[in-house]
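J.: return a 3D structure for these sequence lines:
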Amino acid sequence: MATAQLREEIAFHRRMVSQLKREIARIDPNVSRRYIRDFTHEFRAYRHLSSWDDLVLACYKADLVYVGDYHALGSSQAFASRLVSEVASRSRKVILAVEMVYGRNQRILDRWMAGRVSDDEFKRRIRYDLEWGYDWRGFRQVFEAARAYGVKVFGIDCPPRSGLRFIRKRDRYAAARLVDIFEKNPGAKVMVLIGESHLASGHLPAEVRRQLQARGLEKRATRVLQNVEEVYWQLVEAGQEHHDVVSLSPGTYCVFNASPLAKYESYRQTIHRWKAECADDDQLDLAPTIHHMIDTILRFLSIDKYRLCLRREGACIEFLVDWFPEVYSQVDAATFRRLLSANRFSRAEMAEIRRQLARKGSCYVPRINSIFIGQFSLVHGGEEAAHFVNLALRGDVFQQDARPRSRADLFYRAVLEEALGFFGSKLIDPSRNHFFETKLYEYHRKDRAFIEANTEYTYDQFRAIIDFILLHKKFERSYHAHEDVPARLLEGVRTRDPRMFSVLTHELGYYLGQQLYEGLHREAIGREEIRGLFMERFERPGEALSRYLDLVERLPGSVPLD
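T.: Here you go, the predicted structure:
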């Protein structure tokens, strides 16, 4: 049964998603049209939990598999690619029908699938950027899956796509194309990748069924939807937010690979990219996205950015809203070096920032109050937003901490910073789970060749990291019973290797961040205490370690050690 705190948090997240959807509706009024509402109103609850194997089996048994796509969301096409591969590897004659290509472009589609024209030529001929405009990389991987298994691909859409005025005519055209495919390819299994709203029962499925019956044909159909919002909230309330497949009704499944916030944020960014391209500006401005994440975290902490005055030495400097960070998206190497060099960053410091950008796609640099973004990720963007909130609330933006601190104090202070960063990212995307995300524990029994081929570490470095983490998690459970700290732990805590320091504090912090989030749900910790953690400076010797041990002892969740 959901706790009062969990219900409150779900309400908090739903308000954030509603705000984002309202912003989208101001730009794209089509999202509130009846055709979209038909889909939303039909799928509001799940029948029971299911599994990936159940889903694949249902697709294997069906003649017609509808796959609902959210065009702006890369994980949506990644799932479609995986499902095409799974079904094609088990079935003899699979055909893929896609919305993104007009039926009139079938000849150029055939030539491109055969490798006889380049990507650029194909996209130009089908007017991809003008008529479709979504990230090519997501859809290309679907085509690559089809190509790998010799799956024939058909375009099933017709113009015009703009607005919803002609949407039902497009459904009729798509249905006619699908029926024609079945007639010309007896015994084929047809997978249809199409926008999710087309898959309401009274939309494309009803039209296909009507036209099949008119031709004396009958086909078993399965619908596979993705990331249905209302079902997601129900799973969260039931503590099943990490369950990735459910049955909505007989023959209809839903899979989850993104939270509602991630789903709608992907569309908001796509809209802004389209607007930027219309303005001849190919630089996507991610500052509104990052600042929205900061607002989300501040609202959770009940902090008014317009009223909170940041102080230094007892004096009010500026209000928090005036300190929001600069956001640099996809900065070229020369500009990056020039900006950091002008602020007297050393080569080693610049290298560490580049490593974090390569590893996580984003990096908050408090000394210049800036967030750099290479490859945008919602969760890692949220993490850097949380780092800003943490350092701003404790007064450490635009200045370096010059106080002398022991290695242990530096280490556990960094662990707590990482924990709050991870916790903040969970406020942005509740589906994030470090226990599923980290490869360290999953790989710890692998041999040298596997480790060095699949991680960024040498085998000895990897063993040192995993041994430290596992030993630390064991020791912190029973440290009262020991007189001395194991030498391997002391060596890790006292390390002066910047890379090792970053990895160890990152891993311990992520585990604690996960525990903070679960503890909030189970009412083992409250918002006021978490707010205090965001503001605490941990200035006294040993204070950060003491706080860390207090938290890990009383919060739920632990690392599997056996």
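
J.: ok, residue 415 touching residue 507?
T.: No. Contact criterion Cβ atoms under 8 Å: residue 415 and residue 507 do not qualify, at 9.0 Å. Glycine gets a C-beta too; all of them are placed from N, C-alpha and C.

J.: list the contacts for residue 350?
T.: For residue 350, the contact set (Cβ atoms under 8 Å, 6 or more residues apart in numbering) comprises 336, 337, 340, 341.

J.: actually, residue 377.
T.: By Cβ under 8 Å, 6+ apart, the contact list for residue 377 reads 360, 361, 362.

J.: neighbours around residue 15, how many?
T.: Around residue 15 sit 12 other residues, with neighbours defined as other Cβ atoms under 10 Å.

J.: nope, residue 221 is what I was after
T.: Neighbours of residue 221 under the rule other Cβ under 10 Å: 17.

J.: do the same with residue 104
T.: Neighbour tally, residue 104, other Cβ under 10 Å: 12.

J.: list the residues that contact it.
T.: Here residue 104 is in contact with 155, 158 (Cβ under 8 Å, 6+ apart).

J.: just the pLDDT at it, thanks.
T.: On the pLDDT scale, residue 104 is placed at 95.

J.: over to residue 451?
T.: For residue 451, the model assigns a pLDDT of 82.

J.: which ones are touching it?
T.: By Cβ under 8 Å, 6+ apart, the contact set of residue 451 is 443, 457, 459, 462.

J.: correct me, but the last one touches residue 443?
T.: Pointing back at residue 462 there. Yes. Applying Cβ under 8 Å, one finds residue 462 in contact with residue 443, separated by 7.4 Å.

J.: which one's more surrounded, those two?
T.: residue 462 (22 against 16).

J.: with adjacent residues omitted, what lies nearest to that one?
T.: residue 451 (4.9 Å; Cβ to Cβ, 6 or more residues apart in numbering).

J.: how close does the one you found get to residue 499?
T.: Note on residue 451: its distance to residue 499, by Cβ to Cβ, to the nearest Å, is 16 Å.

J.: next up, phi/psi of the residue nearest to residue 462, please.
T.: In terms of degrees, to the nearest 10, the main-chain angles of residue 451 are phi -60, psi -50.

J.: residue 415 and residue 507 - which one has more neighbours?
T.: The neighbour count for residue 415 versus residue 507, taken as other Cβ under 10 Å, is higher for residue 415 (26 against 23).

J.: for the top strand by length along the chain, the distance to its chain's centre please.
T.: In the chain, taking DSSP state E as the definition, the longest strand is strand 94-102. The chain centre lies 26 Å from the centre of strand 94-102; the measure is Cα atoms, centre = their mean, to the nearest Å.

J.: which residue is the nearest non-sequential neighbour of residue 218?
T.: residue 212 (6.5 Å).

J.: related to what we said a few turns ago, most neighbours among the contacts of residue 350, which one?
T.: Neighbour tally across the contacts of residue 350 (other Cβ under 10 Å): the maximum, 21 neighbours, falls on residue 340.

J.: quickly find the element holding it.
T.: Residue 340 belongs to helix 333-342 when assigned by DSSP states H and E.

J.: which SSE is immediately downstream of that helix?
T.: As assigned by DSSP H and E, the chain's next helix or strand after helix 333-342 is helix 347-360.

J.: what comes up buried for that following helix?
T.: Neighbour counts over helix 347-360 (16 or more other Cβ atoms under 10 Å) mark 352, 353, 354, 356, 357, 360 as buried.

J.: and which of the residues you listed is nearest residue 43?
T.: Closest approach between the buried residues of helix 347-360 and residue 43, by Cβ to Cβ: residue 360, at 33.8 Å.

J.: hey, C-alpha coordinates of stretch 537-549 in CSV?
T.: What follows is stretch 537-549, C-alpha atoms only, in CSV (Å, rounded to 0.1, in the frame of the first residue of the first chain):
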residue,chain,number,x,y,z
ARG,A,537,28.2,22.6,4.6
PHE,A,538,29.8,19.8,6.7
GLU,A,539,32.5,22.1,8.0
ARG,A,540,33.5,20.3,11.2
PRO,A,541,36.1,17.5,11.0
GLY,A,542,34.5,14.1,10.7
GLU,A,543,31.0,15.6,10.3
ALA,A,544,30.5,14.3,6.7
LEU,A,545,31.5,10.7,7.6
SER,A,546,29.3,10.8,10.6
ARG,A,547,26.3,12.0,8.5
TYR,A,548,27.0,9.4,5.9
LEU,A,549,27.1,6.5,8.4
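
J.: run through the helices of the stretch 351-500 of the chain in chain order.
T.: Here the stretch 351-500 of the chain has its helices, by DSSP state H, counting those that start in this stretch, at 378-393, 407-428, 434-437, 440-443, 448-454, 459-477, 487-493, 498-521.

J.: sorry, that was for the stretch 1-150 of the chain
T.: 4-27, 34-42, 52-61, 74-90, 106-113, 119-125, 128-131, 136-148.

J.: now for those, which one comes closest to residue 225?
T.: helix 34-42 (8.8 Å).

J.: in that closest one, which residues are buried?
T.: Buried residues in helix 34-42, counted by 16+ other Cβ under 10 Å: 35, 36, 39, 40, 42.

J.: what sits against the fourth one?
T.: Neighbour list for residue 40: 229, 230 [criterion: Cβ under 8 Å, 6+ apart].

J.: cheers, nothing more for now.
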